[in-house]
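Novice: Sequence plus predicted model, see below.
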Amino acid sequence: MKTYSVEVRVWLKPSVFDPQGHAVEQAMHTLGYAEASDLRIGKYMQLTVQAESEAEAELRTQEMCERVLSNPVMETFAFTLKELVAE
Amino acid sequence: MKWAVIVFPGSNCDEDAANAIRDVTGDTCDLVWHDATDLNQYDAIVLPGGFSYGDYLRGGAIARFSPVMEAVKKEAANGKLILGICNGFQVLTESHLLSGALLRNDHLQFRCEMTELVVENNTSPFTMDYQIGERIRIPIAHGEGRYVTDSTQLADLEKTSRIAFRYAANPNGSIEDIAGVISPSNTILGLMPHPERAVTEFMGSEDGRRLFLSMHRYVEEGAHLATANR
């Protein structure tokens, strides 16, 4: 069994209005950062996954993201994984 | 008839819902803990408002995997009436028992106030005691009540008259002012407003009574009633 460190990012689909991101962007403008735009707030999650291979870890993580960690109706996700090697 | 109000860790409108049901219908109503696996004895199941599992991850996202939800799905498939109020609505969409999703209100405020709803459907077991176009007053209390769905599903909801209620003045940014939707089977309703908080005069409205009475009448007098208005 190998251990993988997984980082998952979930954010609202581009077509869905993100009120949190909008509010923060407005605040940024108020503070003088007029150059900042299209600010959107998402979620970041990290976990470790045990699997026989990287391919299996990817498959399981994909399933976790689709079933639990994101709601495909309104959200999209992306993840990266990296094998943890015992020192 | 016999009602079940499901209690998830974090439900906080469970007692209100049960009391409203008992007072309005005179029926038996049990509070059922989320680890129950058999709901066969109940004629109607209510998923109440609150913050199931703290609403961590997303509203209703963890409750969806509660043992009781398998039983709810089974009874839904058997045609039992399922009512999801507020957080219960979120649980129903996360469970895919209803289409769409509920997101943070567009203005970011938590809104707790009386709202006016327009009745859009009176051919469901939940709405048959209302008139189409009737304006009723039911309060809301939510921070994540913005209903969203894609254009295909929205068109389907419109075409098949499965939008139960719309807000007269949209309080959260919901698409097409939608406040409540019905399943294709016509036996599952999810709505953000709280009908259990509008059942007696001191609450400021009694318009929620007829929702519970409709369900009662549907079960007691026969399923043909809900389609009689068609």
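Specialist: Arrived safely, thanks for sending. Numbering: from 1, shown residues only, chains lettered A, B, ... in the order given.
Novice: Isn't residue A:73 up against residue B:102?
Specialist: No. Between residue A:73 and residue B:102 no contact is recorded; they are 9.7 Å apart, counting by Cβ atoms under 8 Å. Just so you know, the C-beta spots here come from the backbone N, C-alpha and C atoms, and that holds for glycine as well.
Novice: my read: residue B:165 touches residue B:179, true?
Specialist: Yes. Counting by Cβ under 8 Å, residue B:165 does reach residue B:179; the two are 4.3 Å apart.
Novice: any residues in contact with both of these two?
Specialist: The contact sets of residue B:165 and residue B:179 overlap at B:117, B:191, B:193 (Cβ atoms under 8 Å, 6 or more residues apart in numbering or on different chains).
Novice: residues contacting the residue nearest to residue A:57 when sequence neighbours are not counted?
Specialist: Distances taken as Cβ to Cβ, 6 or more residues apart in numbering or on different chains place residue A:51 nearest to residue A:57, at 3.8 Å, with adjacent residues excluded. Residues in contact with residue A:51 (Cβ under 8 Å, 6+ apart) are A:1, A:2, A:4, A:57, A:60.
Novice: how does it look with 10 Å?
Specialist: Applying Cβ atoms under 10 Å, 6 or more residues apart in numbering or on different chains to residue A:51 gives the contacts A:1, A:2, A:3, A:4, A:57, A:58, A:59, A:60, A:61, A:81, A:83.
Novice: Would you mind checking these for buried ones?
Specialist: A:4, A:57, A:58, A:60, A:61, A:81 (16 or more other Cβ atoms under 10 Å in any protein chain shown).
Novice: ok, the third one to chain B distance?
Specialist: Separation of residue A:58 from chain B (Cβ to the nearest Cβ, to the nearest Å) stands at 21 Å.
Novice: repeat for the second one
Specialist: Taken as Cβ to the nearest Cβ, the spacing of residue A:57 relative to chain B amounts to 21 Å.
Novice: That residue is in contact with residue A:80, isn't it?
Specialist: No. With contact defined as Cβ atoms under 10 Å, residue A:57 does not reach residue A:80; the gap is 11.2 Å.
Novice: overlap in contacts of these two?
Specialist: A:4, A:5, A:6.
Novice: from what I can see the first one touches residue A:60, true?
Specialist: Yes. Because the distance of 9.4 Å satisfies Cβ under 10 Å, residue A:4 is recorded as touching residue A:60.
Novice: list the residues that contact both of those two?
Specialist: With Cβ under 10 Å, 6+ apart, residue A:4 and residue A:60 have common neighbours A:49, A:50, A:51, A:81.
Novice: Can I get these in TSV including secondary structure?
Specialist: Listed next are the shared contacts of residue A:4 and residue A:60 as TSV, based on DSSP: H, G, I helix; E, B strand; the rest coil:
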residue	secondary structure
A:49	strand
A:50	strand
A:51	strand
A:81	strand
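Novice: Adding pLDDT and distance to residue A:65 as columns, could you present these in JSON lines?
Specialist: Listed next are the shared contacts of residue A:4 and residue A:60 as JSON lines, based on pLDDT from 0 to 100; distance: Cβ to Cβ, whole Å:
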{"residue": "A:49", "pLDDT": "98", "distance to residue A:65": "11"}
{"residue": "A:50", "pLDDT": "97", "distance to residue A:65": "17"}
{"residue": "A:51", "pLDDT": "97", "distance to residue A:65": "15"}
{"residue": "A:81", "pLDDT": "97", "distance to residue A:65": "11"}
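Novice: does whichever residue of chain B sits closest to chain A have beta-bridge partners, and which?
Specialist: Relative to chain A, the nearest point of chain B is residue B:101 (4.1 Å; Cβ to the nearest Cβ). Beta-bridge partners of residue B:101, counted by DSSP bridges, are residue B:148.
Novice: Can you pull out the low-pLDDT segments for the chain?
Specialist: Reading this off chain A. A:87 (pLDDT under 70).
Novice: try chain B instead
Specialist: Applying pLDDT under 70 to chain B picks out residues B:223-230.
Novice: That one: strands as residue ranges?
Specialist: B:2-7, B:28-33, B:44-47, B:81-85, B:101-103, B:111-119, B:135-142, B:146-148, B:163-167, B:178-182, B:188-191 (DSSP state E).
Novice: Can you mark which positions in stretch B:134-148 are buried?
Specialist: For stretch B:134-148, by 16+ other Cβ under 10 Å, it's B:136-148.
Novice: nope, stretch B:96-107 is what I was after
Specialist: B:97, B:98, B:99, B:100, B:101, B:102, B:103, B:104, B:105, B:106.
Novice: The closest residue to residue A:75 other than its chain neighbours and residue A:74, how far apart?
Specialist: Excluding its sequence neighbours, the residue lying closest to residue A:75 (Cβ to Cβ, 6+ apart) is residue A:10, at 5.3 Å. Distance check for residue A:10 against residue A:74: by Cβ to Cβ, to the nearest Å, it reads 10 Å.
Novice: Give the intersection of the neighbour lists for these two.
Specialist: residue B:58.
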